[in-house]
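Chemist: Pasting the sequence and the predicted coordinates here, then a few questions.
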Amino acid sequence: MDPSDQKHFTAVDYVIFAALLAASVGIGLYHALSGGRQRTTQEFLMADRSMSCLPVSLSLIASFQSAVAIIGVPAEIYTHGTQYWFIGCAYFLGLLIPAHVFIPVLYKLRLSSVYEYLELRFSKAVRICGTLAFIFQTVIYMGICVYTPAFALNAVTGFELWAAVLATGLVCTLYTTMGGLKAVIWTDVFQTVVMFAGQLAVIVVGVHQTGGVSEVWRKVQEGNRLAALDLNPDPTERHTFWTLGVGGVFLMLSLYGVNQAQVQRYLSARTEKEAVRSCYMAFPSLQLSLALGCVMGLVMFARYCGEDLADKLPTSSRDAMVLYFVMDMLQGLPGLPGLFVACLFSAALSTISSAFNSLATVTMEDLVKPHFPAMTEARATLLSKVLAMCYGLLCLAMAYLTHLMDDSVLQVALKIFGMVGGPVLGLFCLGMFFPWANSTGALAGLGAGLALSFWVGIGSLLTRSAGTRPLPPGCRAALLSDNTTSAIHTAALGNFTLSRPSGLNRFYSLSYMWYSAFNCFTVILTGLIISFLTGPMKEEDVTPGTIYPLFGKLLCFLPEHLKEKLCCLTPLGQPRPPQHKEGNGLALPQEDGTSQEETDTFLPEVQTALVEHETTV
Ligand SMILES: CC(C)(CO)[C@@H](O)C(=O)NCCC(=O)O
Ligand code: NA
C-alpha cells in the first residue's frame with residue numbers, strides 16, 4: 001500500500017467523532033440520574049413501559065441497521081447491481097404482520113422476555129431452547145457489528161483497529177449499564193439521525209464530484225448496474241424478486257416479529273396502539289435507509305468505474321473499499337470524514353447497545369430469575385447491570401473471532417439471522433397458529449430446524465462458489481471482487497458455461513435469502529408431524545391468549561361450525577386465568593418456583609388470585 005494513499009483525519013474529524021461518543025455517554029448518564037434512577041428491573045429493562053411511538057420506531061430501525069448495512073449495501077450494489085434493492089418489497093409484509101399478528105398476542109401477555117411466551121404455550125424446556133438460540137445468534141452478530149466499522153476505519157486511515165473496537169465496546173457498555181433501556185432507546189434516536197446525516201453527506205458530495213445527477217445516471221446505465229425485476233424461480237439464485245421479496249419477509253419476521261431486541265421495544269411502549277404505530281412508523285425510515293445505501297453504491301460506481309484500486313489497499317475486502325471510496329470523496333472537506341465515521345459508529349453503537357440490553361433481559365428473566373424467585377428487586381437490578389456489562393466484554397472477544405473470518409459482512413449477518421432466527425421464528429409460528437402443536441413437537445421441530453439449517457449453512461461455506469453470478473459486462477467491476485468472483489468472471493469472459501451444481505451441492509447453494517423461510521417451515525412441519533404422532537394438544541389445554549386464530553381469519557368465509565372444527569377460536573386479550581395454569585401441565589409457575597417472575601406479568605386482580613391459588617397448591 002502506498003503510504004500517500006493513507007487518508008488522514010483532521011482535528012475537526014476527531015472532534016466530531018469524540019462528540020458522538022460523549023453525547024451517547026451523556027444520554028446514558030442523564031437516564032441514570034433521572035426518572036426512577038434505574039433502581040428497578042422494570043425501568044432498567046423495560047423503560048417503565050412508558051415510551052411513545054416516535055422514539056420506539058427510530059429505535060426499531062436502529063437495532064438491525066448497523067455499520068454492516070451502511071458499508072455492506074453499497075458494496076453489494078457496486079459489485080452486483082441494484083437487484084438487492086427489491087428487499088424493500090419485503091418491508092411491507094415484514095412490518096404489517098408483526099404489527100397485526102405478533103404485537104397483539106405478545107403485548108397482551110405483558111411479558112418481559114419474549115421467550116416467556118414459549119413456556120406459556122409449550123413448556124419450560126422450549127423456553128430455554130429459544131433463549132439459548134437467541135443468545136447464540138446475538139453474541140455472534142454483535143461481534144460482527146463491533147468489528148466491522150473498526151476494521152474499515154483501520155484499513156483506510158490506519159487508525160488502531162483494537163483501539164476502535166475497545167472504544168466502541170466500552171462506551172456502549174458504559175451507557176447501556178448506566179441508563180438502561182431508556183438510554184438505549186434515546187441514544188438510538190440520536191444515533192439514527194447521525195446515521196442518516198452521514199450517508200446523505202456522502203451522496204451529496206459524491207454526486208457533486210461526479211458531475212451531477214444526470215452524469216451519475218448515465219454512468220450507472222452504461223455500467224449495467226440497474227437491475228430489472230428478476231423473476232427467475234430458481235431458489236439457488238442469490239438475489240431474485242422471490243428470494244428478496246418473499247424470502248426477505250421471513251427474515252423481517254424473525255427480526256421484527258419475534259426477536260427479543262424488537263419485542264422489548266414494543267413492550268416498552270405505553271400502549272399496544274403505540275407499539276403498533278411505532279411499527280408502521282418504522283416503515284418509511286427503513287425504506288429511506290435502504291434507498292440511501294443503494295444510491296450511495298450507485299454514486300460510488302459512477303465515480304470509480306474502471307479504476308483499479310487493488311494496489312491501494314492492504315486488503316481485498318470490498319467492505320473496506322467502500323470506506324476507501326468515501327474517504328477519498330470527502331478528503332479536503334474538513335469535518336465530513338469525521339461525520340461519516342460517526343455515522344458508521346452510530347450505526348454500530350445503536351445495534352450493540354440493543355444487543356447488550358436484550359441479552360441482559362433474557363438472561364435475567366429466562367435463566368436467572370426462575371431459579372431465584374425470592375431475589376430482591378435491588379439485587380435483580382444490580383445483577384442485570386452486571387450482566388449487561390459482561391455481555392459488553394464478551395462482545396470484544398467475539399470481535400476477535402470475526403477478525404478471523406472473511407466474507408461480505410452483510411451476507412454473513414443475514415445468514416446468521418436466517419440460520420438461527422429462522423428456526424426460532426418457526427417455533428413461535430408453530431405455537432401461535434397451530435393449537436394442536438405440543439411441547440414435544442416444538443422441541444423436535446426446533447432440533448430438526450437447527451440441524452438442517454446448520455447443515456445447509458456450513459455446507460455452503462465449504463462449497464463457496466454458491467450462487468455468485470458473473471458480473472454484468474461494462475465497467476471493470478471485477479476489481480472489487482474476491483477470488484471466487486473473479487474466477488467466475490474470467491470463466492464468463494472466456495465463454496465457459498458454468499455447470500449447475502448438482503445433488504447435495506445444489507442443496508448447499510440454496511440462496512441465503514431463503515434460509516429464514518426454509519428453516520421456519522422445517523420447524524413447523526416437523527413440529528406438527530411429531531405433535532400428531534405424540535398426541536396433539538387439546539384446545540382447552542392451551543394457555544388462553546397464546547394463540548392467534550390465523551386460520552379463523554384466513555377462512556372467515558366458512559360457516560361457523562366448520563371453522564370451530566378446523567381451528568382454535570380462542571379470543572385474544574384475556575388475561576391468563578390462574579385456574580388454567582394447570583391446563584397444559586407444563587407452563588406452571590409453581591413447578592419450580594418461578595412464581596415471582598410469573599406474577600409480575602399479571603394484572604393485579606389475577607395476581608392476587610394466583611398467589612392465593614399457589615399457596616393452596
Ligand atoms: C435487517 C434489514 C434487512 C432490515 O432492518 C437491514 O437493515 C439489513 O440488511 N441489516 C444488515 C445487518 C446489519 O446492518 O447489521
Ligand atoms: Na444500529
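Modeler: Looks like it came in fine. As the structure is a computational prediction, the values presented were derived from the model and not from experiment. Ligands and ions are numbered 1, 2, ... in the order given.

Chemist: what mean pLDDT would you report for stretch 460-474?
Modeler: Across stretch 460-474, pLDDT averages out at 53.

Chemist: what does stretch 381-395 give?
Modeler: Across stretch 381-395, pLDDT averages out at 87.

Chemist: Buried residues in that stretch, which are they?
Modeler: Buried residues in stretch 381-395, counting neighbours by 16 or more other CB atoms under 10 Å, are found at 381, 383, 384, 385, 387, 388, 389, 390, 391, 392, 394, 395. In short, each C-beta sits where N, CA and C put it, glycine included.

Chemist: What strand or helix carries the fourth one?
Modeler: I take that to be residue 385. Residue 385 is part of helix 377-403 when elements are defined by DSSP states H and E.

Chemist: Report whether that helix contacts ligand 1.
Modeler: No. Using CB under 6 Å from any ligand atom, helix 377-403 stays clear of ligand 1, coming no nearer than 12.1 Å.

Chemist: What parts of this structure come near ligand 2?
Modeler: Where proximity means CB under 5 Å from the ion, the interface of the chain facing ligand 2 comprises 62, 65, 66, 347, 350, 351.

Chemist: Skipping adjacent residues, who's closest to residue 85 in space?
Modeler: The spatial neighbour of residue 85 that comes closest, neighbours along the chain excluded (CB to CB, 6 or more residues apart in numbering), is residue 294 at 4.8 Å.

Chemist: pretty sure the one you found is touching residue 70, no?
Modeler: No. The pair residue 294 / residue 70 is not scored as a contact, 11.8 Å apart, by CB atoms under 8 Å.

Chemist: between the two, which one's more packed in?
Modeler: Here residue 294 and residue 70 are compared on neighbour count by other CB atoms under 10 Å; more neighbours surround residue 70, at 30 against 19.

Chemist: Am I right that the more buried one is in a helix?
Modeler: Yes. The secondary structure assignment for residue 70 places it in a helix, going by DSSP: H, G, I helix; E, B strand; the rest coil.

Chemist: Can you tell me how far it is from residue 326?
Modeler: 10 Å (CB to CB, to the nearest Å).

Chemist: Could you check how many residues crowd around residue 227?
Modeler: By the other CB under 10 Å criterion, the neighbourhood of residue 227 contains 17 residues.

Chemist: With residue 332 instead?
Modeler: For residue 332, the number of neighbouring residues by other CB under 10 Å comes to 8.

Chemist: Which of the three states applies to it?
Modeler: What three-state DSSP gives for residue 332 is coil.

Chemist: pLDDT score for it?
Modeler: Turning to residue 332, the model gives it a pLDDT of 83.

Chemist: roughly how far apart are it and residue 303?
Modeler: According to CB to CB, residue 332 and residue 303 sit 15 Å apart.

Chemist: and if you look at residue 135?
Modeler: 42 Å.

Chemist: So residue 325 sits against residue 301, correct?
Modeler: No. Counting by CB under 8 Å, no contact exists between residue 325 and residue 301, whose distance comes to 9.5 Å.

Chemist: Next, show the common contact partners of these two.
Modeler: With contacts defined as CB atoms under 8 Å, 6 or more residues apart in numbering, no residue is adjacent to both residue 325 and residue 301.

Chemist: so who does whatever residue of the stretch 351-500 of the chain ends up closest to ligand 2 touch?
Modeler: Each residue of the stretch 351-500 of the chain has a distance to ligand 2, by CB to the ion, and the smallest belongs to residue 351, at 3.5 Å. Shown here is residue 351, whose contacts under the criterion CB under 8 Å, 6+ apart are 62, 63, 64, 65, 66, 142, 145.

Chemist: Give me the average confidence score over the helix or strand it falls within.
Modeler: With elements delineated by DSSP H and E, residue 351 resides in helix 336-362, which encompasses its position. In this model, helix 336-362 carries a mean pLDDT of 92.
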